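Peer 1: here is the input, now give the coordinates:
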Amino acid sequence: MKIEFIDVDQADQLSACKMSLLLGVSTPKNQLESFLRFARGILNAESAILAFHDEPYVWHSSPNGFKAFNANKKAKLLPYFAGQTSISRDHPNYSSFSAHIHQLGVDHERIIAIDLKVNDDFSIGQVILFDNQHQPFDDQNLELVYDFSMSLIRILELHSDYAELKELYEQQSALNFSKTKFFQIIAHDLRAPFHGLLGFSDVLANERESLDEDSVQNIAEYLHDTAQSTYNLLESLLNWAMAEGGRFVYHPIQFELKQVTKIVFDVLNTLAVKKNIQLIESVPQELKVFADINMITSVIQNLVSNALKFTHLDGTGKVYIEASKCDQGVEIAIRDTGLGMTPQQIEKLFQPDLKVSIRGTSGEKGAGLGLVLCKRFVDLNHGEICVSSQQGQGTTFKVILPEADTHAALPATPNTSNQTSLEKVN
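Peer 2: Residues are numbered from 1 along each chain as shown. Have a look, this model is predicted:
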C-alpha cells in the first residue's frame with residue numbers, strides 16, 4: 001500500500017477538519033506544520049504524522065515539506081495504546097503497532113506514537129514520528145516531545161475558547177444592531193399616529209362647540225382606528241421581545257387545525273365584510289397537527305390579517321384559508337387576490353426594515369414585526385414558512401407543520417448554543 005500525498009491547497013474537504021483549522025492549517029501561520037517540524041527536530045526524526053479523529057485528512061511533515069493524505073478507515077490506532085499515553089520500544093504493543101503502521105503504507109525502522117488526550121477518557125488524535133534509522137530515540141528527547149504534544153492540546157483549547165468568544169461577540173453585535181433597528185422602526189411608526197391622536201383629541205377638548213355631529217363622529221372613528229392600530233403595533237413589539245428573550249415556551253399538543261382556522265375566521269370575518277372582501281375558510285376537519293396552538297393561532301391570524309390588508313376593496317377581493325397533507329406534514333396556505341409583491345420585497349420579507357412598510361388598500365401600515373414573529377413561531381414549531389407572489393395578482397403564504405401522528409419522531413427544540421468546547425469540536 002502506498003500513500004498518495006495531497007498539497008494542502010488542493011485539499012477540498014478542509015471544512016470537515018475542525019481541529020486542523022483551529023491550528024491554521026490552511027493559513028500562512030500554520031501551527032500544525034510548525035508543531036510537526038519542531039517535534040521532528042527534537043527527536044531528529046525524518047517524518048512525522050498527526051491525525052485527528054474523524055477528520056478526512058492526515059497531516060505529514062518531512063524534509064520534502066508539509067503534505068496531507070486521505071485518512072484510512074482501517075487505521076485503528078487507539079487500541080494499541082492500551083491506556084498509556086505513548087508507544088515506544090518498551091511498550092508491550094510496540095511490535096504489533098509497528099506492523100500495523102507498515103500495513104498502512106508507512107515504512108520505518110523506528111517509530112514513536114503519542115496519544116493526544118484531553119483527559120483520561122477523551123482522545124482527539126495521535127502524533128507519530130518515524131524514520132529508517134536503527135538507533136532508538138533518546139528517552140530525554142521523548143519526554144520533551146511528549147510535553148510539547150501536551151502543549152498542542154492547550155493551544156487547541158485556547159483557540160477553541162477564542163473562537164467561542166469571537167462567535168459570541170459577533171452574535172451580540174448582530175443582536176444589538178437588530179435591536180437598534182427595531183427601536184428606530186418603532187419610534188418612526190409611533191410618532192405619526194401620536195401626532196394624529198394628540199391633534200384631534202386637542203380639537204375635541206378645546207373646539208368641541210364648533211364641531212357638528214358628523215365631524216365629531218369622524219374624529220371619534222379616526223381616534224379609534226389609530227388607537228387600535230397603535231395598540232396592535234405595541235402588541236407585536238411585545239410578542240417579538242418575548243420571543244427574542246426566550247419567554248415564549250414551546251408547549252406542543254395534538255389538535256385539529258380546524259379549531260384554529262375557525263377561530264381566526266370568526267375574528268377576522270367582520271373586518272373582511274367591512275372591507276368588502278370575501279374570506280373563505282376550507283380546512284378539512286380531519287387534519288391534525290402537533291404544535292403549540294397559541295403560536296400557530298398567532299401565525300395564521302397574522303397572515304390572514306396581512307392578506308386582508310393588501311386585498312382590493314372593489315368586491316372582487318378574496319382571501320382563502322386552506323390546508324392539506326404533504327410529504328413533510330400538513331401544509332397551510334393563506335392565499336389572496338391582492339396587490340402582490342416584487343421579488344425585491346419578497347427577499348426582505350422576514351427581515352425588519354427601516355423603511356415604512358407598504359400601505360394596505362385602506363391606507364394601513366405597520367412596522368413589519370408581524371412576519372418576523374411568524375417566522376420565529378414557525379421555527380419554534382419545527383416548521384417551514386415560505387411565500388410566492390406576483391405583483392398585481394396576489395400572494396400565497398405556506399406554512400408546513402408536523403402532522404400529529406408523527407410527533408414522536410420530532411427532534412428536540414433546536415439548540416442554538418455554540419459547540420465550542422474541545423470535546424464538542426471533535
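Peer 1: tell me where the stretch 251-400 of the chain has strands.
Peer 2: Taking DSSP state E, counting those that start in this stretch as the criterion, the stretch 251-400 of the chain carries its strands at 253-256, 278-281, 288-291, 318-326, 329-336, 384-390, 394-401.
Peer 1: most packed of those strands?
Peer 2: Highest mean neighbour count of the strands of the stretch 251-400 of the chain: strand 288-291, a mean of 24 (counted as mean count of other C-beta atoms under 10 Å). Placement of C-beta: from N, CA and C, glycine included.
Peer 1: distance across stretch 63-78, terminal residue to terminal residue?
Peer 2: Start and end residues of stretch 63-78 are separated by 27 Å (C-alpha to C-alpha, to the nearest Å).
Peer 1: what do you get for stretch 115-134?
Peer 2: 23 Å.
Peer 1: so which bits of it are buried?
Peer 2: Across stretch 115-134, burial judged by 16 or more other C-beta atoms under 10 Å covers 115-118, 123-131.
Peer 1: same question for stretch 68-86.
Peer 2: Under the neighbour-count criterion of 16+ other C-beta under 10 Å, stretch 68-86 has 68, 69, 71, 75, 77, 80, 81, 86 buried.
Peer 1: for stretch 259-274, same thing?
Peer 2: Neighbour count says stretch 259-274 has 260, 261, 264, 265, 268, 269, 272 buried, by 16+ other C-beta under 10 Å.
Peer 1: same check, this time on stretch 297-307
Peer 2: In stretch 297-307, counting by 16+ other C-beta under 10 Å, buried: 297, 298, 299, 300, 301, 302, 303, 304, 305, 306, 307.
Peer 1: would you turn the residues you listed into CSV with pLDDT?
Peer 2: Listed next are the buried residues of stretch 297-307 as CSV, based on pLDDT from 0 to 100:
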residue, pLDDT
297, 87
298, 84
299, 90
300, 91
301, 86
302, 86
303, 91
304, 91
305, 87
306, 87
307, 90
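Peer 1: same list, the residues you listed, but as TSV with distance to residue 139 please.
Peer 2: Compiled in TSV, the buried residues of stretch 297-307 are given as follows (distance: C-beta to C-beta, whole Å):
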residue	distance to residue 139
297	73
298	70
299	69
300	74
301	76
302	73
303	73
304	78
305	78
306	76
307	79
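Peer 1: contacts only, for residue 127.
Peer 2: Residues in contact with residue 127 (C-beta atoms under 8 Å, 6 or more residues apart in numbering) are 36, 39, 48, 49, 50, 113, 114, 116, 145, 149, 152.
Peer 1: rerun at 10 Å
Peer 2: 35-36, 39, 48-51, 59, 86, 112-116, 145-146, 148-149, 152 (C-beta atoms under 10 Å, 6 or more residues apart in numbering).
Peer 1: buried among these? Need that as a selection in PyMOL.
Peer 2: A single PyMOL command selects the buried members of these (16+ other C-beta under 10 Å):
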select buried, resi 35+36+39+48+49+50+51+59+86+112+113+114+115+116+145+146+149+152
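Peer 1: helices - which of the contacts of residue 127 land there?
Peer 2: 35, 36, 39, 145, 146, 148, 149, 152 (DSSP state H).
Peer 1: now the two most distant members of these.
Peer 2: For the ones in helices among the contacts of residue 127, the maximum inter-member distance is 14.6 Å, found between 36 and 146 (C-beta to C-beta).
Peer 1: and what about residue 72, helix, strand or coil?
Peer 2: Local secondary structure at residue 72 is given as coil here, using DSSP: H, G, I helix; E, B strand; the rest coil.
Peer 1: same thing with residue 158?
Peer 2: helix.
Peer 1: quick one: residues contacting it.
Peer 2: Each residue near residue 158 by C-beta under 10 Å, 6+ apart is listed here: residue 22.
Peer 1: need the pLDDT of it.
Peer 2: Residue 158 is assigned 84 on the pLDDT scale.
Peer 1: again with residue 402
Peer 2: What the model reports as pLDDT for residue 402 is 94.
Peer 1: show me what contacts it?
Peer 2: 252, 289, 290, 291, 328, 329, 330, 381, 382, 383, 409, 410.
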